[in-house]
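K.L.:
coords please:
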Amino acid sequence: MSRLDGKSAIVTGGGSGIGRAVCARFAADGATVVVADVDGERATAVAAEIGGRAVQADVTVAADVARMVADAGRVDVLVNNAGGGMSDDVLEIDEEEWEHDVALNLKSAFLCSKAVLPGMIERGGGVIVNIASVNGLAFFANEPYSAAKAGVINLTRSMAVRYGHHGIRAVAIAPGTIRTPIWQERVEKVPEIFEKLLRWYPLGRVGEPEDVAAAAAFLASDDASWISGEVLRVDGGLLAGNAQMARELVADFEDAE
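P.N.:
Model prediction:
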């Protein structure tokens, strides 16, 4: 018996990157997967690959979310993965950019969670997996995105506490740098960017979408039945400490002796 046999899941932003990997992993682990994406063609392509169903939906729009959940039917697991953002310094961004990033990353998680919760409450259980970010736990620039991801983490904890007595678990994953299409676009502009990043990661590599998918599959499964309100960092050790800083500090002290 596979880990997610008999489970029905919606994965938002399932047409590429982390979402695509989550869809593939969930399907391999036995789940029936609804691939939701604002790009209907991408959703259809992934659904065809994994034997799932595709739904085109803009998860920042309540009507689209309601249609998505109605089309899905029973939802045992919701993965709020849709997100992204390229805005940076508070002094440089405008109100529209701020609202876009907050809507895409935080409002979407709120709308989708609100839509599936009544069914989960009625059935006496369910799992909501929110894809947050290390940006929600520490400063890595991209202020609107980071603020929204911090909100996702708090929303996760709130739902875990408020709905736990219904048998509903809410958990979050905070990935570090993951080799997604967005990062590949950055590599095209700055080819050496990954090499520069490696010095900050104790494991010496950036993450792959499959690293996050493996964590999501575990958290969505009964193996994690007593884990709720947790934020699992999938970050190659990034937030455990700064090895480069430690080496430089030690070197400075040694030079001073």
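
K.L.:
List the residues that contact the residue lying closest to residue 10 once chain neighbours are set aside.
P.N.:
Counting by C-beta to C-beta, 6 or more residues apart in numbering, residue 10 lies nearest to residue 34, which is 4.6 Å off, once chain neighbours are set aside. For glycine as for every other residue, the C-beta is placed from the backbone atoms N, C-alpha and C. By C-beta atoms under 8 Å, 6 or more residues apart in numbering, the contact list for residue 34 reads 8-11, 14, 52-55, 68, 71-72.

K.L.:
Quick one: mean pLDDT over stretch 34-52.
P.N.:
In this model, stretch 34-52 carries a mean pLDDT of 99.

K.L.:
Just the CA atoms of it, as CSV, please.
P.N.:
Taking C-alpha atoms only, stretch 34-52 is exported to CSV below (Å, rounded to 0.1, in the frame of the first residue of the first chain):
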residue,chain,number,x,y,z
VAL,A,34,-6.2,17.7,-9.2
VAL,A,35,-3.6,19.8,-10.9
ALA,A,36,-4.6,23.4,-10.5
ASP,A,37,-2.8,26.2,-12.3
VAL,A,38,-3.6,29.7,-13.8
ASP,A,39,-2.1,28.3,-17.0
GLY,A,40,-4.6,25.7,-18.2
GLU,A,41,-2.3,24.2,-20.8
ARG,A,42,0.4,23.5,-18.2
ALA,A,43,-2.1,22.0,-15.8
THR,A,44,-3.4,19.7,-18.6
ALA,A,45,0.1,18.6,-19.5
VAL,A,46,1.0,17.7,-16.0
ALA,A,47,-2.3,15.9,-15.4
ALA,A,48,-1.7,13.9,-18.5
GLU,A,49,1.7,12.9,-17.3
ILE,A,50,0.6,11.7,-13.9
GLY,A,51,-2.9,10.4,-14.6
GLY,A,52,-4.6,13.3,-12.7
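
K.L.:
Residue 25 is in contact with residue 52, correct?
P.N.:
No - if you go by C-beta atoms under 8 Å, residue 52 and residue 25 don't touch, sitting 11.9 Å apart.

K.L.:
Against residue 145, how distant is the residue nearest to residue 10?
P.N.:
From residue 34 across to residue 145, the span is 26 Å (C-beta to C-beta, to the nearest Å).

K.L.:
what do you get for residue 197?
P.N.:
17 Å.

K.L.:
And for residue 43?
P.N.:
Distance from residue 43 to residue 145, by C-beta to C-beta: 23 Å.

K.L.:
who has more neighbours, these two?
P.N.:
The neighbour comparison of residue 43 against residue 145 (other C-beta atoms under 10 Å) goes to residue 43, with 28 against 25.

K.L.:
Alright, calling it a day.
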